[in-house]
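Engineer: Predicted model and sequence follow; I will ask about them next.
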Amino acid sequence: MSSLETCPGYKQKVYIQLACVTLLAALATWVWSNGLPINRANTWHEVAPLDLLNGSRVDINSAPSSVLEALPGIGPTISARIIATREELGGFCLASELTKVRGLGKKKLRDVKALLEVGVPLDNARCDGLESSHDLSGP
């Protein structure tokens, strides 16, 4: 018998250490097979909010529905209306044109304006003579 085995509580400490190692191994196996138990992003819809927080903006002239839906207050219905209006107009020249979308008024536009950018619309000729294709500053 070694001198450690004669210490009081030695067996209890060994059992506790074995239990901890077993639990860690079980947790590692579970994480390895299932991934971390956090919100894993598997689609654009889930990735977009993270990208938006990192400073990138959503181009209202090219964003798919899933990206538009990631904007605060924009669900599947308004997203579909944005795309329909975009196709009808040939693209948006100004962010303020989003108010033409039923259900997306000035207040909601004000809430998401900082997350938007206006890319080149398909019908660029329609935008000639307008002040700017980036009217995202101001209230």
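Structural biologist: Alright, I've got the coordinates.
Engineer: Please make it C-alpha for all contacts and neighbour counts, starting now.
Structural biologist: Noted.
Engineer: contacting residues around Pro8?
Structural biologist: Going by CA atoms under 8 Å, 6 or more residues apart in numbering, Pro8 touches no other residue.
Engineer: after the lowest-mean-pLDDT helix or strand in the chain comes which helix or strand?
Structural biologist: In the chain, no helix or strand scores lower on mean pLDDT, DSSP states H and E than helix 44-53, which sits at a mean of 48. Per DSSP states H and E, the first helix or strand lying C-terminal to helix 44-53 is strand 58-59.
Engineer: What helix or strand is Cys20 located in?
Structural biologist: Using DSSP H and E, Cys20 falls within helix 10-34.
Engineer: Domain map for the protein?
Structural biologist: 1-38, 44-127 (automatic domain parsing).
Engineer: winner for burial among those?
Structural biologist: Most buried of the domains of the chain by mean neighbour count (mean count of other CA atoms under 10 Å) is domain 44-127; its value is a mean of 17.
Engineer: Which of the domains of the chain comes out lowest on mean pLDDT?
Structural biologist: Sorting the domains of the chain by mean pLDDT places domain 1-38 lowest, at a mean of 73.
Engineer: Return the distance of the closest residue to Val120 other than its chain neighbours relative to Ala19.
Structural biologist: Using CA to CA, 6 or more residues apart in numbering and skipping the chain neighbours, the partner closest in space to Val120 is Asn61 (7.0 Å). For Asn61, the distance to Ala19 equals 57 Å [CA to CA, to the nearest Å].
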